[in-house]
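Visitor: 3D model of this:
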Amino acid sequence: MKKSIGILGGMGPLATADLFRKIVLMTDAARDNDHIRIYIDDNASIPDRTAAILSGGADPLPAMTESLRKLESCGADCVIMPCNTAHYFLPRLQALTEIPFLSMLEATAKACAARFPGKTAAVLATKGTLSAGLYQAALKKEGVSFLIPEDAEQDALMRVIYDGVKAGKGPDTYRADMLSVVEALTARGADYFILGCTELPLAAQALSLPQPTVDPTAELAKAAIRFCGYSVKDL
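Guide: Residues are numbered from 1 along each chain as shown. Alright, predicted model coming up:
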């Protein structure tokens, strides 16, 4: 029996739309009826995850739990979150439900090991994700070599994410910051880039970034498609 997906979204809304779009595009379907049933709770009022991790900001767990309950009531068979930093809270959320969460971090680390064996990744992400060591732990588990941006580079990435994509600004707003980070990490030995914040695949696409990348949103979409018993069609 085919299964359904619950998207715990709103973190942010564009990233949620990007994940939904990628699931639809990557599902091997010949007609409308061949697609997966998807429930989306796009709760943009969930408090900022990075602020909660780094500076004692409001705990997002209550609002995330409310979204989880809505997806449970819809009948979702699995839950996915289009926000890398939100995965810091995944263990606490998973303890509240029997519905399995699929991890964006695990899916990405497995993709890195399969696609770039022996190569070095650079992890582009929010300060919250990097500070919590989320990707570091997932990549080490899969034996993937990686680099982490330095402090000034992390500041630049935060501007790309928050002042650029989340603010609805065009690529000219964040081009210099994004390219400076990518060039610096390439010079330090990065072979490819993990776009480890769900706003970054949108930025990379807008900038037509030529460097090899791994898109965690796409890897999560593939994992959800397979979990539901459908076949993946690569873009």
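Visitor: Would you agree Asp163 is in contact with Lys169?
Guide: Yes - under the criterion of Cβ atoms under 8 Å, Asp163 makes contact with Lys169 at 6.9 Å. For every residue, glycine as well, the C-beta is placed using N, CA and C.
Visitor: got the domain boundaries for this structure?
Guide: In terms of domains, the chain is parsed into 5-103+218-227, 105-216 (source: automatic domain parsing).
Visitor: Is it possible to get CSV of those domains that adds mean neighbour count, mean pLDDT and distance to Lys233?
Guide: Below are those laid out as CSV (neighbours: other Cβ atoms under 10 Å; pLDDT from 0 to 100; distance: least, Cβ to Cβ, whole Å):
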stretch, mean neighbour count, mean pLDDT, distance to Lys233
domain 5-103+218-227, 18, 96, 4
domain 105-216, 19, 96, 15
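Visitor: Let's have those domains in TSV, adding distance to Asp234.
Guide: Output for the domains of the chain, formatted as TSV (distance: least, Cβ to Cβ, whole Å):
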stretch	distance to Asp234
domain 5-103+218-227	7
domain 105-216	12
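Visitor: can you pull the contacts of Ile194?
Guide: By Cβ atoms under 8 Å, 6 or more residues apart in numbering, Ile194 lies in contact with Thr108, Cys112, Ala121, Ala122, Val123, Leu124, Ala125, Tyr135, Phe146, Thr213, Val214, Pro216.
Visitor: what are the pairing partners of the helix or strand hosting it, and which direction each?
Guide: Using DSSP states H and E, the element containing Ile194 is strand 192-195. Strand pairing for strand 192-195, determined by DSSP bridges: strand 120-124 (parallel), strand 213-214 (parallel).
Visitor: what residues does stretch 25-43 touch?
Guide: Stretch 25-43 has contacts (Cβ under 8 Å, 6+ apart) with 2-10, 13, 16, 20, 23-24, 63, 66-67, 70-71, 74-76, 218, 221-222, 224-225, 228, 230-235.
Visitor: swap the cut-off to 6 Å and go again
Guide: Stretch 25-43 is contacted from outside by 4-7, 9-10, 13, 16, 67, 70-71, 74, 76, 221, 225, 228, 230-233, 235, using Cβ atoms under 6 Å, 6 or more residues apart in numbering.
Visitor: show me what contacts Gly189?
Guide: Contact partners of Gly189, counting by Cβ under 6 Å, 6+ apart, are Thr120.
Visitor: could you check the distance from it over to Ala114?
Guide: Distance, Gly189 to Ala114, by Cβ to Cβ, to the nearest Å: 21 Å.
Visitor: so what's Phe146 closest to, chain neighbours aside?
Guide: Spatial nearest neighbour of Phe146, excluding adjacent residues (Cβ to Cβ, 6 or more residues apart in numbering): Ala121 at 4.5 Å.
Visitor: Quick check: Ala111 touching Glu219?
Guide: Yes - Ala111 is within contact range of Glu219, at 4.8 Å (criterion: Cβ atoms under 6 Å).
Visitor: hey, where'd the helices end up in this structure?
Guide: 13-26, 49-55, 61-74, 90-94, 104-115, 127-131, 134-141, 151-158, 175-187, 200-207, 216-227 (DSSP state H).
Visitor: Just send the contacts of Ile194 back as JSON lines, with distance to Ala29 too.
Guide: Below are the contacts of Ile194 laid out as JSON lines (distance: Cβ to Cβ, whole Å):
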{"residue": "Thr108", "distance to Ala29": "24"}
{"residue": "Cys112", "distance to Ala29": "27"}
{"residue": "Ala121", "distance to Ala29": "31"}
{"residue": "Ala122", "distance to Ala29": "34"}
{"residue": "Val123", "distance to Ala29": "33"}
{"residue": "Leu124", "distance to Ala29": "31"}
{"residue": "Ala125", "distance to Ala29": "32"}
{"residue": "Tyr135", "distance to Ala29": "31"}
{"residue": "Phe146", "distance to Ala29": "35"}
{"residue": "Thr213", "distance to Ala29": "26"}
{"residue": "Val214", "distance to Ala29": "24"}
{"residue": "Pro216", "distance to Ala29": "23"}
